Every structure is written in C-alpha cells, then in structure tokens.
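Novice: Need a 3D model of the sequence below.
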Amino acid sequence: MQVGDLHCHTRLSDGSLPPEDLVRLGQRLKLDVIAITDHDTLAGCRQAKDLEKGRQIRVIPGAEFSCVDEKRGRKVHLLCYGPKKLQVLEPICQEIGRRRREAVHQMIEKVAAHYPITQEMVERYAKDSTCVYKTHIMEALMDLGYDVEVYGVLFRQLFHQKTGAYLVTPRFPSAFEMLSLIHEAGGTAVLAHPEIYDSLEVLEELIEEGLDGVEVWHPRNSPATRQHLLERAKEHRLLTTGGSDFHGRFRGEAVPLGTCTTPEQSLRQLLDRVER
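Specialist: Residues are numbered from 1 along each chain as shown. Below you'll find the predicted structure:
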C-alpha cells in the first residue's frame, strides 16, 4: 500500500528543514511519496528530480500559492502539483515575493523600533529561503532571548492575524487568477486546508472554474469538514489529497511529517494526473 504526504514546507519558504533533510525524513518514515509545496516559489519544483536520485521515495514538484477570495475578503491557499511550464508561474511568484518582501520590511522596521534587531540580522536567518518570513523575525528575537518558541506569546503580540500590533499583510492575487495560471502552466490545482480560512463557500465557485481537487486530510480539517469535502469531491469528481502541512519546528503545534497522508487510491489518481 502506497502512502504520501502531499503538503510539506522546507527552508525554501517558512519551514525549518532543508529540502534534502525533508526527503531523508520521508524515507525514514517509509513514505512512498512526498510533495514539496513551499509558499509562492518554484524552487522546490526545480529541485524535485535531483532530490529523488538514489532514494526509494517519489518527490512531486509543487508549490502552495497565497491568494484571496475577494468577494469575502478571506485568504485562500491553492496547492499546485506538477506544473509543466514554470515560466508561466514565474512572474506571479516574483510579484508575490516582491509584495511579501515589502510587507516584511515594514514589519521589521516596526519591531526594530522596540527590539534590537536589524534588516540584515533577519535576512541572515532567511539566507536559504526565497523570501523573508515572520518566522525569520522570530528566530532573530529568540536568539536575542525575547522568547523560546516561534509561535509563542511574543509572536501573538506582534503578528497575530487579528490582533498583532506589527502585522503587515501583503496583497495577494485572486484565487481565480491563480487557478487560471496553474492550469495554463499545466499544473493540478487543489484547494488547501479549507477549514483554516473558511474556504467552503469559495470552493463551490472554484469548482465551477475547473478546480481539480481539494485537500481533505489535513490536521486542521475537522471530521465533519472532511466528510463534507469527500461528499463534494464525489459529486464533482474532484481529486482528494492529504498532507501534514509540515513546517518542522516552525509551527504552533506539534505536527510530525506523515501526520496526515493521502490514501493509495487518491494518491494514484493524483499521480496519474500529474504524469499526463
């Protein structure tokens, strides 16, 4: 029986492990397939084949794109698997990266007014990443002794989604624009963790626009949500995927690799789609 964790982050974005360490870990855990789905970057796609070499594990090239449901003003994340034309997605990756860097620069300035950090200090923590993230700011603050965990009290004070004093949110593309670009690039588009951002309403609209699948098995999807998603997937013939949303130690709760996985039949269906 094959098993795969199709939602994993590395040092290429806001995860704590380098890609090669993630693949080694997946092999030790006897996973047959993992997908590297770092935020808004194609770096994992470019490394996937090399990471497979000499290992008994399949690495699916992928990414997780940040976008918005403009009608409801909510975040949406779309997982992209197996894009064939990376040049189609590169411009939007660069634009999202530019906006993210501007937002993080502003956050660092706000934090630096009260804590002894600098832009250069934070950027050193992000040297392996394609962008700078809030986790890198927290790494700097932790090394200065202001907290002992990334997503602790200080993170909530500074960057909580609703009450963070220094949070600056970049402007992301619409979910429908991103869906179109993923398809233009020959990728497979899957709605990520619908429960986190209350994405069940936009799910119906994305289905109408050709969404390929939905992430059913995720640590933050409740049993009721999983059942609802399975029913919608059956009705609309959507792919169903699962993944741990692994970030290593850069996560608010303990979620080891392989916590949530994609069952064999669903995994085979996704692999068939990606390999077309």
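Novice: Show me what the mean pLDDT comes to for stretch 224-234.
Specialist: Stretch 224-234 comes out with an average pLDDT of 98.
Novice: Can you give the contact residues for that stretch?
Specialist: 194-195, 200, 203-204, 207, 213-214, 216-217, 221, 238-240 (Cβ atoms under 8 Å, 6 or more residues apart in numbering). Quick note: C-beta positions are derived from backbone N, CA and C, even for glycine.
Novice: Which of those residues are buried, as a PyMOL select command?
Specialist: Buried residues among the contacts of stretch 224-234 (16 or more other Cβ atoms under 10 Å), as a PyMOL selection:
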select buried, resi 194+195+203+207+213+214+216+217+221+238+239+240
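Novice: among the contacts of stretch 224-234, which two are most distant?
Specialist: Largest separation among these by Cβ to Cβ: 204 and 217, giving 20.4 Å.
Novice: sorry, back to before: specify which member of the contacts of stretch 224-234 is nearest to residue 63.
Specialist: residue 213 (14.9 Å).
Novice: check which helix or strand covers residue 109.
Specialist: helix 86-112 (DSSP states H and E).
Novice: just residue 15 next, same as before
Specialist: Using DSSP H and E, no helix or strand contains residue 15.
Novice: Need the pLDDT of it.
Specialist: The model's pLDDT for residue 15 equals 97.
Novice: That one and residue 1: what is the separation?
Specialist: Applying Cβ to Cβ, to the nearest Å, the value for residue 15 to residue 1 is 27 Å.
Novice: Pick out whichever of the two has more residues nearby.
Specialist: Neighbours around residue 15 and residue 1, counted as other Cβ atoms under 10 Å, are more numerous at residue 15. The numbers are 27 against 7.
Novice: Please state the backbone phi and psi of that one?
Specialist: Dihedral pair for residue 15: phi -90, psi 170, per degrees, to the nearest 10.
Novice: Once you drop chain neighbours, what's closest to it?
Specialist: Distances taken as Cβ to Cβ, 6 or more residues apart in numbering place residue 9 nearest to residue 15, at 3.5 Å, with adjacent residues excluded.
Novice: Around residue 236, how many other residues sit close by?
Specialist: Per other Cβ under 10 Å, the neighbour tally for residue 236 reads 14.
Novice: And it, how close does it get to residue 64?
Specialist: Separation of residue 236 from residue 64 (Cβ to Cβ): 22 Å.
Novice: where are the low-confidence patches of this structure?
Specialist: Residue ranges of the chain with pLDDT under 70: none are present.
Novice: SS state for the residue most central in space within it?
Specialist: Centroid check for the chain by Cα atoms, centre = their mean gives residue 64 as the closest residue, at 4.2 Å. Secondary structure for residue 64, judged by DSSP: H, G, I helix; E, B strand; the rest coil, is strand.
Novice: What residues does it make contact with?
Specialist: Residue 64 touches 7, 9, 37-40, 77-80, 192, counting by Cβ under 8 Å, 6+ apart.
Novice: again, only this time at 6 Å
Specialist: 37, 39, 77, 79 (Cβ atoms under 6 Å, 6 or more residues apart in numbering).
Novice: picking up where we left off before, from the chain's centre, how far out does the helix holding residue 109 sit?
Specialist: Per Cα atoms, centre = their mean, to the nearest Å, the displacement of helix 86-112 from the mean C-alpha position of its chain is 15 Å.
Novice: Toward the C-terminus, what is the element adjacent to it?
Specialist: Taking DSSP H and E, what comes next after helix 86-112 is helix 119-125.
Novice: now for the helix or strand following that following helix, which elements pack on it?
Specialist: Following helix 119-125 in sequence order, the next helix or strand is helix 134-143 (DSSP H and E). If you count contacts as 3 or more Cβ pairs under 6 Å, 6 or more residues apart in numbering; DSSP states H and E, helix 134-143 packs onto helix 119-125.
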